[in-house]
Every structure is written in C-alpha cells, then in structure tokens.
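>>> Model the structure of this input:
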Amino acid sequence: MSQENKEKILVIPCSGIGKPSGTISRLAMYYVVEDLLPKETDTVCLPLLVIGDEKTCQLVQRSPVIAVDGCPYKCATKSVQASQGKLFASLNVLQLYRDYLQLEVKSVVDPGPEGEKFARIVAGKILKEIDKIRKEKEKCLAPS
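Residues are numbered from 1 along each chain as shown. Below you'll find the predicted structure:
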C-alpha cells in the first residue's frame, strides 16, 4: 500500500489561547506535522471538532489520533472522545513539564529558546506514540 493511500495519524493540539503550555502543544504539533513526518501525519482545527464540523469529525473517527493537551481541562482529548474519534494517546504538556522545570518557557507569544527546546521534547514524545501506532498497525497486517 502506498503512503498516499494510508490514513494519516492526526496530532491535535490544545487551542490554549493565552497559555504558554498551549503554545508548546501547538509548536510540538507543527514540528511533527510540518517538519518531521509531513507524509504520515496531519492535524485538524480543534474548534471545528468542538462545534461538530462533519468533515472534521469523520476524519477524527477514521484516523488514529494523538491529543496534546496544554492544561488540566484536556480540551483536545475530550473533544476527540466526544466526537467518537480514534484516540490512541493523550499527552499533557503540564505533566510532561514537571520533568523539565529547568527549561523556562518565556511567554505565549515567544516561548524563547528553552520553550522551543521543550516543544521539541514534547514532539519527541509524540513521535514515540506514533511508533506505537505503527507497531500496532504492523501487528494487524501481519499474517496469522
């Protein structure tokens, strides 16, 4: 099966307007979707999912999804679940940050070099979840 025919893995970040952790979740998603795995991954607009946009909901229902939440409200995760999406993993930026408190995220608008470094760490966590999805798919495709 060619790569173009495979469903892409969706990485859906928190909208997190006004929160540095929301900025980190979006930056991490962009690193994965635009820079690291553009042929295997994609994203959707979280507000479209929240309002129940039909095309967005259908895509989330047929594609494996990794939600990247920026705060304890878990809006990305809850929105995927509410739309009956195929939630494979849920990452919480604030929980991950506990292990990297030495990295100062400067602000919402400009996370600074340490914030960008943390976003790349979060992107690495997303990549680990993508590897798990790949392995799961390989198991399903392996002859019995």
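
>>> pLDDT weak spots in this protein?
The model of the chain has pLDDT under 70 over residues 1-6, 144.

>>> now with 50?
Applying pLDDT under 50 to the chain flags the ranges 1-5.

>>> the helices in it, which residues?
For the chain, the helices defined by DSSP state H cover 20-30, 46-50, 54-62, 75-82, 93-97, 112-141.

>>> Not including adjacent chain positions, what is the nearest residue to G16?
G22 (1.3 Å; Cβ to Cβ, 6 or more residues apart in numbering). C-betas here are computed from N, CA, C, even on glycine.

>>> Was I right to think that neighbour contacts C14?
Yes: counting by Cβ atoms under 8 Å, G22 does reach C14; the two are 4.7 Å apart.

>>> who touches both of those two?
Residues touching both G22 and C14 by Cβ atoms under 8 Å, 6 or more residues apart in numbering: 70-71, 93.

>>> Run through the residues that contact V109.
T23.

>>> ok, back up a step: are any of the shared contacts of G22 and C14 buried, and which?
70, 93 (16 or more other Cβ atoms under 10 Å).

>>> ok, now which ones touch the residue most central in space within the chain?
Nearest to the centroid of the C-alpha atoms of the chain, with distances taken as Cα atoms, centre = their mean, sits V11, at 3.1 Å. Going by Cβ under 8 Å, 6+ apart, V11 touches 29, 32-33, 41-43, 65-66, 68, 126.
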